[in-house]
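J.: below is the structure, and that's it, no one-letter string:
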């Protein structure tokens, strides 16, 4: 599997650069088992490592245009992962009393507009979730609505834990793109997107 991927990496990266989500799924599948353990060894927090792993894949997808002709993608991934791991580790050492930032920004800034704006966000988010492929939608809802862990979802659906993680990452990529297209909302951080989903799903 690994050697097959490496032999076709240039082609896969080109397809990802062109917006091919299936090719991106191959990237996620190959690199998840490299990125996640590295993060976990640094920050010793499985939930945080999961979140940062999702963030890294979102960053790769958001910057996919840069992948064309990239000579050392593995090195690119390593640098991103190393930098995020160091940042997360430093944050853990810092004062843990942080100010909570509202991820909805201007949407909730105007109290008179809150009701309509929130209802519209809820409607579009639900619409986006309904447009997920059936299995991905099922995994996502089990995670965000039923609050099941990756291990619990894997056991319930008889799939691997890495497959669950991949479904979540790809769902986040799709939801982010959908919100941007329909409402012009740009959510760059996976954790904020998950929080929005927790609030409105």
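T.: It's in. Note that the coordinates shown come from a computational prediction; the quantities given were computed from them, not determined experimentally. Numbering: from 1, shown residues only.
J.: what's near enough to touch residue 67?
T.: Residue 67 is in contact with 13-14, 16-17, 60, 73, counting by CB atoms under 8 Å, 6 or more residues apart in numbering. Heads up, the C-betas are built off the backbone N, CA and C, glycines and all.
J.: close enough to count as contact, residue 24 and residue 173?
T.: Yes - between residue 24 and residue 173 a contact is recorded at 7.2 Å, counting by CB atoms under 8 Å.
J.: give me the common contacts of these two.
T.: Residues touching both residue 24 and residue 173 (CB under 8 Å, 6+ apart) are residue 61.
J.: before we move on, back to that, output the contacts of residue 67 in TSV; the columns should cover neighbour count, pLDDT and secondary structure.
T.: As requested, those are arranged in TSV below (neighbours: other CB atoms under 10 Å; pLDDT from 0 to 100; DSSP: H, G, I helix; E, B strand; the rest coil):
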residue	neighbour count	pLDDT	secondary structure
13	23	92	helix
14	15	92	helix
16	23	92	helix
17	18	92	helix
60	22	92	helix
73	17	89	helix
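J.: greatest separation within those residues: which pair is it?
T.: Using CB to CB, the two most remote members of the contacts of residue 67 are 14 and 60, lying 14.1 Å apart.
J.: any weak-confidence spans in this protein?
T.: Where the chain drops to pLDDT under 70, the residues are 1-7, 92-118, 185-201.
J.: all helices for it, in order.
T.: Taking DSSP state H as the test, the helices found in the chain are 2-7, 9-17, 21-43, 46-62, 73-93, 114-130, 134-144, 150-157, 161-183, 190-200.
J.: okay, now residue 152: neighbour count?
T.: For residue 152, the number of neighbouring residues by other CB atoms under 10 Å comes to 15.
J.: to clarify, my last question referred to residue 126.
T.: By other CB under 10 Å, 12 other residues sit near residue 126.
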